[in-house]
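Engineer: Sequence below, structure please.
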Amino acid sequence: MTDRRNIEIKARCQDLVAAEDAARRLGARRAARLRQEDTYFHVPEGRLKLRRIEDADAPGATSGELIFYRRADQAGARRSDYALVDLRSDVDGLRRLLADTLGTVARVRKERIVYLLESTRIHLDAVDGLGHFVEIERVMAGGDSEGAARAEVERVAAALRVRSADLIAASYADLLAAAGAPAR
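Structural biologist: From the prediction side, this is the model:
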(Lines give C-alpha, C1' and ligand atoms only; values in the text may rest on other atoms or scores of the structure.)
Protein backbone atom coordinates (compact mmCIF):
# COMPACT_ATOMS: atom_id res chain seq x y z
CA MET A 1 0.00 0.00 0.00
CA THR A 2 1.27 3.44 -0.90
CA ASP A 3 0.23 6.69 0.77
CA ARG A 4 -0.02 9.55 -1.69
CA ARG A 5 -1.48 12.98 -2.19
CA ASN A 6 -2.50 15.13 -5.08
CA ILE A 7 -4.26 18.34 -5.99
CA GLU A 8 -7.27 17.77 -8.20
CA ILE A 9 -10.32 19.30 -9.79
CA LYS A 10 -13.39 17.76 -11.35
CA ALA A 11 -15.71 19.59 -13.74
CA ARG A 12 -18.56 18.93 -16.11
CA CYS A 13 -17.39 18.94 -19.72
CA GLN A 14 -19.62 19.99 -22.59
CA ASP A 15 -17.20 18.84 -25.30
CA LEU A 16 -14.79 15.95 -24.64
CA VAL A 17 -13.35 16.18 -28.17
CA ALA A 18 -12.39 19.84 -27.63
CA ALA A 19 -10.91 18.97 -24.22
CA GLU A 20 -8.87 16.18 -25.80
CA ASP A 21 -7.59 18.56 -28.51
CA ALA A 22 -6.62 21.09 -25.82
CA ALA A 23 -4.76 18.41 -23.85
CA ARG A 24 -2.75 17.47 -26.94
CA ARG A 25 -1.96 21.17 -27.62
CA LEU A 26 -0.56 21.39 -24.08
CA GLY A 27 1.84 18.59 -24.96
CA ALA A 28 0.04 15.86 -23.01
CA ARG A 29 0.32 12.36 -24.40
CA ARG A 30 -2.52 9.90 -24.56
CA ALA A 31 -1.71 7.05 -22.19
CA ALA A 32 -4.81 4.85 -22.16
CA ARG A 33 -8.48 4.34 -22.87
CA LEU A 34 -10.04 2.45 -19.98
CA ARG A 35 -13.38 1.10 -18.85
CA GLN A 36 -13.60 1.49 -15.10
CA GLU A 37 -16.12 0.38 -12.54
CA ASP A 38 -15.75 1.95 -9.10
CA THR A 39 -17.65 0.33 -6.24
CA TYR A 40 -17.88 2.53 -3.15
CA PHE A 41 -18.28 0.94 0.29
CA HIS A 42 -19.57 2.17 3.63
CA VAL A 43 -16.72 3.35 5.86
CA PRO A 44 -16.79 5.56 8.99
CA GLU A 45 -14.75 8.35 7.38
CA GLY A 46 -13.36 9.23 3.96
CA ARG A 47 -14.20 7.09 0.95
CA LEU A 48 -13.25 3.53 0.05
CA LYS A 49 -13.63 2.29 -3.49
CA LEU A 50 -12.61 -0.76 -5.43
CA ARG A 51 -11.79 0.05 -9.05
CA ARG A 52 -12.06 -2.66 -11.69
CA ILE A 53 -10.08 -1.58 -14.77
CA GLU A 54 -10.35 -2.94 -18.29
CA ASP A 55 -8.06 -1.70 -21.04
CA ALA A 56 -10.57 -0.67 -23.73
CA ASP A 57 -7.91 -1.17 -26.41
CA ALA A 58 -7.12 -4.73 -25.20
CA PRO A 59 -10.43 -6.29 -24.10
CA GLY A 60 -10.08 -8.95 -21.46
CA ALA A 61 -7.04 -7.34 -19.85
CA THR A 62 -8.32 -6.42 -16.38
CA SER A 63 -6.76 -5.27 -13.13
CA GLY A 64 -7.89 -3.39 -10.07
CA GLU A 65 -7.08 -0.93 -7.34
CA LEU A 66 -8.40 -0.54 -3.81
CA ILE A 67 -8.35 3.17 -2.99
CA PHE A 68 -9.08 4.93 0.29
CA TYR A 69 -9.12 8.72 0.19
CA ARG A 70 -9.97 11.83 2.14
CA ARG A 71 -10.65 15.20 0.55
CA ALA A 72 -12.83 18.20 1.10
CA ASP A 73 -16.06 18.34 -0.87
CA GLN A 74 -15.39 21.70 -2.48
CA ALA A 75 -15.42 22.90 -6.05
CA GLY A 76 -12.06 23.93 -7.45
CA ALA A 77 -8.54 22.73 -6.78
CA ARG A 78 -8.45 20.65 -3.62
CA ARG A 79 -6.04 18.35 -1.84
CA SER A 80 -6.73 14.63 -1.73
CA ASP A 81 -4.82 12.27 0.56
CA TYR A 82 -5.09 8.66 -0.52
CA ALA A 83 -3.76 5.15 -0.15
CA LEU A 84 -3.77 2.73 -3.07
CA VAL A 85 -3.33 -1.03 -3.30
CA ASP A 86 -2.66 -2.44 -6.78
CA LEU A 87 -4.61 -5.65 -7.44
CA ARG A 88 -3.82 -8.17 -10.17
CA SER A 89 -6.32 -10.96 -9.52
CA ASP A 90 -9.89 -11.65 -8.37
CA VAL A 91 -11.08 -8.05 -8.25
CA ASP A 92 -14.67 -9.27 -8.54
CA GLY A 93 -14.22 -11.63 -5.59
CA LEU A 94 -12.84 -8.81 -3.46
CA ARG A 95 -15.78 -6.60 -4.50
CA ARG A 96 -18.25 -9.26 -3.35
CA LEU A 97 -16.38 -9.71 -0.05
CA LEU A 98 -16.31 -5.98 0.67
CA ALA A 99 -19.97 -5.57 -0.34
CA ASP A 100 -20.98 -8.39 2.00
CA THR A 101 -18.94 -7.06 4.93
CA LEU A 102 -19.19 -3.27 4.54
CA GLY A 103 -22.21 -2.70 2.29
CA THR A 104 -22.18 -0.90 -1.04
CA VAL A 105 -22.78 2.84 -1.35
CA ALA A 106 -22.67 3.15 -5.15
CA ARG A 107 -21.28 1.66 -8.32
CA VAL A 108 -19.91 4.06 -10.93
CA ARG A 109 -19.24 2.93 -14.50
CA LYS A 110 -17.25 5.10 -16.85
CA GLU A 111 -15.04 5.16 -19.90
CA ARG A 112 -11.90 7.18 -19.23
CA ILE A 113 -9.30 8.53 -21.62
CA VAL A 114 -6.08 9.30 -19.76
CA TYR A 115 -3.58 11.94 -20.85
CA LEU A 116 -0.28 12.53 -19.05
CA LEU A 117 1.54 15.85 -18.82
CA GLU A 118 4.61 15.25 -16.61
CA SER A 119 3.14 14.61 -13.11
CA THR A 120 -0.31 15.82 -14.13
CA ARG A 121 -3.03 13.42 -15.21
CA ILE A 122 -5.93 14.56 -17.37
CA HIS A 123 -8.95 12.25 -17.26
CA LEU A 124 -11.70 12.65 -19.84
CA ASP A 125 -14.64 10.70 -18.46
CA ALA A 126 -17.95 9.53 -19.91
CA VAL A 127 -19.86 8.42 -16.79
CA ASP A 128 -22.94 6.22 -17.13
CA GLY A 129 -26.00 8.11 -15.95
CA LEU A 130 -24.14 11.40 -15.37
CA GLY A 131 -22.55 12.62 -18.61
CA HIS A 132 -19.09 13.94 -19.45
CA PHE A 133 -16.43 15.24 -17.08
CA VAL A 134 -12.81 16.25 -16.96
CA GLU A 135 -10.59 15.54 -13.96
CA ILE A 136 -7.16 17.06 -13.59
CA GLU A 137 -4.83 15.62 -10.94
CA ARG A 138 -1.32 16.70 -10.05
CA VAL A 139 0.42 13.96 -8.10
CA MET A 140 2.62 15.53 -5.44
CA ALA A 141 6.09 14.04 -5.22
CA GLY A 142 8.67 14.58 -2.47
CA GLY A 143 9.68 18.18 -3.21
CA ASP A 144 6.42 19.46 -4.70
CA SER A 145 4.67 22.20 -2.79
CA GLU A 146 0.90 22.24 -2.55
CA GLY A 147 0.88 25.76 -4.00
CA ALA A 148 2.90 24.76 -7.07
CA ALA A 149 0.69 21.71 -7.65
CA ARG A 150 -2.46 23.85 -7.29
CA ALA A 151 -1.07 26.41 -9.77
CA GLU A 152 -0.33 23.66 -12.31
CA VAL A 153 -3.82 22.16 -12.00
CA GLU A 154 -5.36 25.60 -12.47
CA ARG A 155 -3.11 26.29 -15.50
CA VAL A 156 -4.15 23.04 -17.16
CA ALA A 157 -7.81 23.68 -16.30
CA ALA A 158 -7.62 27.10 -17.94
CA ALA A 159 -6.04 25.59 -21.07
CA LEU A 160 -8.87 23.03 -21.22
CA ARG A 161 -11.35 25.91 -20.84
CA VAL A 162 -12.79 24.59 -17.58
CA ARG A 163 -15.25 27.20 -16.32
CA SER A 164 -15.73 27.81 -12.60
CA ALA A 165 -19.48 27.21 -13.08
CA ASP A 166 -18.66 23.64 -14.23
CA LEU A 167 -16.54 22.70 -11.19
CA ILE A 168 -17.88 19.79 -9.14
CA ALA A 169 -17.36 19.34 -5.40
CA ALA A 170 -18.76 15.82 -5.07
CA SER A 171 -17.57 12.40 -6.17
CA TYR A 172 -19.30 10.54 -9.00
CA ALA A 173 -20.84 8.28 -6.33
CA ASP A 174 -22.31 11.34 -4.58
CA LEU A 175 -23.67 12.69 -7.86
CA LEU A 176 -25.34 9.36 -8.65
CA ALA A 177 -26.86 9.21 -5.17
CA ALA A 178 -28.18 12.76 -5.54
CA ALA A 179 -29.75 11.71 -8.85
CA GLY A 180 -31.50 8.84 -7.06
CA ALA A 181 -29.52 6.04 -8.70
CA PRO A 182 -29.59 2.69 -6.83
CA ALA A 183 -26.30 1.38 -5.34
CA ARG A 184 -26.50 -1.83 -7.53
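Engineer: tell me, which helix in the protein spans the most residues?
Structural biologist: helix 146-159 (DSSP state H).
Engineer: Could I get the phi/psi values of Phe133?
Structural biologist: phi -140, psi 160 (degrees, to the nearest 10).
Engineer: my bad, Asp57
Structural biologist: According to degrees, to the nearest 10, Asp57 has phi -90, psi -10.
Engineer: can you pull the pLDDT of it?
Structural biologist: In the prediction, the pLDDT value recorded for Asp57 is 83.
Engineer: ok, back up a step: okay, buried residues for the longest helix of the chain please.
Structural biologist: Of all the residues in helix 146-159, those buried under the rule 16 or more other C-beta atoms under 10 Å are 149-150, 152-154, 156-157, 159. The way it works is simple: take the backbone N, C-alpha and C, and place the C-beta from them, glycine included.
Engineer: Run through the neighbouring helices and strands of the host helix or strand of Lys49.
Structural biologist: Assessed by DSSP states H and E, Lys49 sits inside strand 47-55. Strand 47-55 sits against strand 29-41, strand 62-71, helix 91-102, with contacts defined as 3 or more C-beta pairs under 8 Å, 6 or more residues apart in numbering; DSSP states H and E.
Engineer: rewinding a little: and the longest helix of the chain, how far from the chain's centre?
Structural biologist: Mean-position distance between helix 146-159 and its chain equals 17 Å (C-alpha atoms, centre = their mean, to the nearest Å).
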